[in-house]
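Peer 1: mind looking at a prediction? Sequence and model below.
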Amino acid sequence: MVEQDKNEEDMLEAVRESVDFSIVADNIVGIADYVIEKHEYRSGQTLSPEMRSAVVEKIKEVLWHQAEGLKLKRMQILQEIFHDAEKALDEVVSSS
């Protein structure tokens, strides 16, 4: 059973590593730029470079927090998937 847990951990780690967080970071910056431009267009006011920088940092902070939450949720889902797969295997093996 310890070997099985180790294999499951290895598989989960491989899936976790398949996410390219540089792409996530690029997307976050893109979202921040879009939101700022939308605000500037709607308000008719351009943010100062200092304000723009502060807004980008705050957006990055908030969205990275959400990304971390998604990573945890994804791990939980993967664990449920492996658990359900093992349960299905056990059902078939025990019925034969």
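Peer 2: Received, thanks.
Peer 1: what stretches of the protein score poorly on pLDDT?
Peer 2: By pLDDT under 70, the low-scoring segments of the chain are 1-22.
Peer 1: ranges for the helices of it?
Peer 2: Using DSSP state H, the helices of the chain run over 2-17, 21-43, 49-95.
Peer 1: neighbouring contacts of the second one?
Peer 2: Residues from elsewhere that reach helix 21-43 (C-beta atoms under 8 Å, 6 or more residues apart in numbering): 46-47, 52, 55-56, 59-60, 63-64, 67. Where you see a C-beta, it was placed from the backbone N, CA and C, and this is true even at glycine.
Peer 1: just the buried ones from those residues?
Peer 2: For those, a burial check counting by 16 or more other C-beta atoms under 10 Å picks out 47, 55-56, 59, 63.
Peer 1: and residue 65, how many neighbours?
Peer 2: Other residues within reach of residue 65, judged by other C-beta atoms under 10 Å, total 10.
Peer 1: hmm, I was thinking of residue 79
Peer 2: 12.
Peer 1: residue 52 versus the closest residue in space to residue 63 that isn't next to it in sequence, what's the distance?
Peer 2: Excluding its sequence neighbours, the residue lying closest to residue 63 (C-beta to C-beta, 6 or more residues apart in numbering) is residue 28, at 4.7 Å. Note on residue 28: its distance to residue 52, by C-beta to C-beta, to the nearest Å, is 15 Å.
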